[in-house]
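Asker: Got a predicted model here, sequence first, then my questions.
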Amino acid sequence: MKGFCTPTQLLRCLWEIPLPDITTSWAECLERCAPTEICTYIHQNICQRIFIVMLHYIAPNWKLPKCPSEICWALYENMLVELPFAGFFLSKLLGTSADVDIHHLASLDPEVYKNLLFLKSYEGDVEELGLNFTVVNNDLGEAQVVELKFGGKDIPVTSANRIAYIHLVADYRLNRQIRQHCLAFRQGLANVVNLEWLRMFDQQEIQVLISGAQVPISLEDLKSFTNYSGGYSADHPVIKVFWRVVEGFTDEEKRKLLKFVTSCSRPPLLGFKELYPAFCIHNGGSDLERLPTASTCMNLLKLPEFYDETLLRSKLLYAIECAAGFELS
């Protein structure tokens, strides 16, 4: 194999292998899930804003080789991933650390950013705040003091040097603290996608490419490109009831339904004709005690034979409000 293709080419070829059925095991999800499930699982269960940063506190030495490649896979396949990256992180992918300034800290840690702005405009005696040139990391519950400069623990922050302190704190949080993780993520992308391609876009546009735009969901478009199986068809009474129920949903409920089935609450950038596999509703059986379930790796909704509109609505809303995605199936 070595004589025929590069590791990057081999990685691209591996994407053509059909994905197996997924499970809810964390370890198996990382190895077996489609990229949307992996990234959604990480986003919902490990972090609040940006998983690659929070991994610093969970596994400082984990270089995360898989997830950048999964995101590239999704980009190549026009698949959306519900993963709201912090703005400064996307800036890092596009440029260098020099392109990141203190204002990007707001997208990583709004509280620290707010405190630094307070310090900058503080009119009292800064020394009374008891600060020095150190930061404290909470590493798995253990406080670790890190000096921002040599001898920083013995250097008090004063009115004269507070600007230097503010910039050092921002540089540490945005660059030094997560440098290895960002480099690993960037390298993972570079193994598959030429980073020069990404530089055609700004950070907001890249976020749209990854996660889609916050636009209304067109039910007519979705219905036009929905498949049916297990005895269901567009003219089946249960399907007609289903669409009547969904038409009465609020925009937020429609997004929850879409996320429940596809793992992403936003429609494809080019419409549902580009959703692969296509949105599909499968006969979930005649047991009316069951809830609708979903196989997100196949964009498949398993809908029991609810002929009663009130029952279908209550069961469907209960299922999508649980927001458990592929774990239900």
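Answerer: Nice, I can see it.
Asker: tally of neighbours for Val112?
Answerer: Using other Cβ atoms under 10 Å, Val112 has 15 other residues around it. (Each C-beta comes from the backbone N, C-alpha and C, glycine too.)
Asker: Output the below-cut-off pLDDT ranges for the stretch 101-250 of the chain.
Answerer: Within the stretch 101-250 of the chain, the segments meeting pLDDT under 70 span 140.
Asker: Let me see the domain layout of this structure.
Answerer: Structural domains annotated on the chain: 1-212, 219-328, as defined by automatic domain parsing.
Asker: Nearest residue to the middle of this structure?
Answerer: For the chain, the residue sitting closest to the mean C-alpha position, by Cα atoms, centre = their mean, is Leu83 at 1.6 Å.
Asker: Tell me how far that one lies from His167.
Answerer: From Leu83 across to His167, the span is 29 Å (Cβ to Cβ, to the nearest Å).
Asker: and if you look at Gly231?
Answerer: For Gly231, the distance to His167 - Cβ to Cβ - is 65 Å.
Asker: just Asn299 next, same as before
Answerer: As for Asn299, its distance to His167 is 47 Å (criterion: Cβ to Cβ).
Asker: Looking at these two, which one has more neighbours?
Answerer: Taking Asn299 and His167 together and counting by other Cβ under 10 Å, Asn299 has the greater number of neighbours (23 against 14).
Asker: Could you double-check that that one lies in contact with Cys280?
Answerer: Yes - contact status for Asn299 versus Cys280: in contact at 6.2 Å, counting by Cβ atoms under 8 Å.
Asker: So which residues make contact with the helix ranked longest in the chain?
Answerer: Ranked by residue count and defined by DSSP state H, the top helix of the chain is helix 309-322. Taking Cβ atoms under 8 Å, 6 or more residues apart in numbering as the criterion, the residues outside helix 309-322 that touch it are 238, 241-242, 244-245, 248, 253, 256-257, 259-260, 288, 291-293, 303-304, 306, 328.
Asker: Can you give me the buried ones in it?
Answerer: Buried residues in helix 309-322, defined by neighbour count with 16 or more other Cβ atoms under 10 Å: Leu312, Arg313, Lys315, Leu316, Leu317, Ala319, Ile320.
Asker: Then stretch 284-297?
Answerer: Across stretch 284-297, burial judged by 16+ other Cβ under 10 Å covers Gly284, Arg290, Leu291, Pro292, Thr293, Ala294, Ser295, Thr296, Cys297.
Asker: before we move on, the earlier item: quick one, which of the contacts of helix 309-322 are buried?
Answerer: Among the contacts of helix 309-322, those classed as buried by neighbour count (16+ other Cβ under 10 Å) are 238, 241-242, 245, 253, 256-257, 259-260, 291-293, 303-304, 306, 328.
Asker: In strands only, show me those.
Answerer: Counting by DSSP state E, the members of the buried ones among the contacts of helix 309-322 that fall within strands are Thr293, Leu303.
Asker: could you list every residue that touches the nearest residue to Phe225 once chain neighbours are set aside?
Answerer: Nearest non-adjacent residue to Phe225, counting by Cβ to Cβ, 6 or more residues apart in numbering: Phe272, 4.3 Å away. Phe272 sits next to Ser218, Asp221, Leu222, Ser224, Phe225, Thr226, Ala278, Phe279 when contact means Cβ under 8 Å, 6+ apart.
Asker: Distance of the fifth one relative to Gln214?
Answerer: Using Cβ to Cβ, one obtains 21 Å as the distance from Phe225 to Gln214.
Asker: ok, the two, which is more surrounded?
Answerer: Phe225 (14 against 9).
Asker: Please give me every residue in contact with that one.
Answerer: So Phe225 contacts Gly271, Phe272, Lys273, Leu275, Ala278, Phe279 (Cβ under 8 Å, 6+ apart).
Asker: Just the CA atoms of stretch 178-190, as CSV, please.
Answerer: This file holds the C-alpha atoms of stretch 178-190, laid out as CSV (Å, rounded to 0.1, in the frame of the first residue of the first chain):
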residue,chain,number,x,y,z
ILE,A,178,-4.2,24.8,24.3
ARG,A,179,-1.3,25.0,21.7
GLN,A,180,-0.8,21.2,21.4
HIS,A,181,-4.5,20.5,21.0
CYS,A,182,-5.0,23.2,18.4
LEU,A,183,-1.9,22.0,16.5
ALA,A,184,-3.2,18.5,16.5
PHE,A,185,-6.6,19.5,15.3
ARG,A,186,-5.1,21.7,12.6
GLN,A,187,-2.9,18.9,11.5
GLY,A,188,-5.8,16.5,11.4
LEU,A,189,-7.6,18.9,9.0
ALA,A,190,-4.5,19.5,6.9
